[in-house]
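> Quick one, structure for this:
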Amino acid sequence: MDFDKVCKKVMDLDPKIRFAGIINEKGRLFAGGMKEGVKSLEETRDDEMLYMQLVLRAKMRREFDRVLGPVEFALSYREKVIIMSFPMKDHVLLLSTEKGIDISEIPFKVLKILHH
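Numbering: from 1, shown residues only. Alright, predicted model coming up:
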């Protein structure tokens, strides 16, 4: 799988997507990133903490896979942005979007990209 292509396809889904990146199991961004011309809301060191927390939460959610089934995506609706995470085998796709994006459509379009 070409992770940079996946991030580009996801980024192209909607102009309100600010960030699409693939985070590895150690909490490091290794593909994708911020949309060109968009400024990050957090400092670089805060990015790293966000990535590590994201991976930890994805691992913790796996505890209930046997009973509830695997997590397809998780969504945080925050004051300034919407954050979505999509667990992949050993990685997590992280999306950050502007408020006002259609949260009833975009996550499912992302899943279609990930499952092709």
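
> Give me the contacts around the helix or strand bottoming out on mean pLDDT in the chain.
Using mean pLDDT, DSSP states H and E, the weakest-scoring helix or strand in the chain turns out to be helix 44-61, at a mean of 84. Helix 44-61 has contacts (CB atoms under 8 Å, 6 or more residues apart in numbering) with 23-29, 40, 42, 71, 74, 85, 87, 92, 94. For every residue, glycine as well, the C-beta is placed using N, CA and C.

> Give the next helix or strand downstream of it.
Next helix or strand after helix 44-61 toward the C-terminus (DSSP states H and E): helix 65-68.

> quick one: contacts of that next one?
V71.

> and with 10 Å instead?
R61, V71, P87 (CB atoms under 10 Å, 6 or more residues apart in numbering).

> Which of those are buried? Put it as a PyMOL command.
For the buried members of these, the matching PyMOL selection, counting by 16 or more other CB atoms under 10 Å, is:
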select buried, resi 87
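
> Next, format the contacts of helix 65-68 as JSON lines and append distance to K112.
As requested, the contacts of helix 65-68 are exported to JSON lines (distance: CB to CB, whole Å):
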{"residue": "R61", "distance to K112": "21"}
{"residue": "V71", "distance to K112": "17"}
{"residue": "P87", "distance to K112": "16"}
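
> of all the contacts of helix 65-68, which comes closest to P107?
When these are ranked by distance to P107 (CB to CB), V71 comes first, at 11.5 Å.

> in what helix or strand does the closest one lie?
Under the assignment given by DSSP H and E, V71 is not contained in any helix or strand.
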